[in-house]
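Participant: Sharing a sequence plus its predicted fold:
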Amino acid sequence: MKPYRLDIKGAKDIPEVVFKDFVTYEINENGLETKLFGQIGKKYKDRLEIEGVRYFGYKKPKEELKAKKGVYKKDIVYLYGKVFYKTKDISFFSEQAKYDTKQEIIKSKPRFSLFTKSAEVVGTDLIYYRNKGKILAKNIEAKIYEKKRK
């Protein structure tokens, strides 16, 4: 007979709290700051993992963010699967993104599609400085319109 073997998992692999079909609100003296929807949320000691992420930020400019999965760790949100980001000036799609919420910078290494009122852009290595409205990217192909798109 072979001896029975147990594999012990570290405590950080066990969620402290699990949420299903939830909504969180962040409210401060200025009113509603953020709204976050999720299908499944798991709070670990060092991170929050969310499946079916939908985030709405009400700080100007307002923003919307969606992804199949998000991992929030120390002011950084890592997003995976059908990532969508939108403000009043731009929107983009990618398969992966990293959002530094303190510095207000969102980055996406893989191929992306970005849309503005006057252009459609595809490329890689997107960096969007939200507070400056500045966009950087590599390997881009763009369609620029003389008149603004509706």
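Facilitator: Everything's here; your move.
Participant: Now for the residue nearest in space to the middle of the chain: which residues touch it?
Facilitator: Computing the C-alpha centroid of the chain and ranking residues by Cα atoms, centre = their mean puts residue 79 first, at 4.7 Å. When contacts are counted by Cβ atoms under 8 Å, 6 or more residues apart in numbering, residue 79 is found next to 53, 65, 67, 69, 70, 96, 97, 98, 99. Yep, even glycine has a C-beta here, placed from its N, CA and C like the rest.
Participant: which SS state does it fall under?
Facilitator: strand (DSSP: H, G, I helix; E, B strand; the rest coil).
Participant: Not counting residues beside it along the chain, what's closest to residue 63?
Facilitator: residue 57 (4.3 Å; Cβ to Cβ, 6 or more residues apart in numbering).
Participant: what's across from that neighbour in the sheet?
Facilitator: Note on residue 57: beta-bridge partners residue 34, residue 63, judged by DSSP bridges.
Participant: before we move on, what about the one 10 residues further on?
Facilitator: According to DSSP bridges, residue 53 are recorded as the beta-bridge partners of residue 67.
Participant: Quick check: it touching residue 93?
Facilitator: No: no contact is recorded between residue 67 and residue 93 when judged using Cβ atoms under 8 Å, the distance being 10.5 Å.
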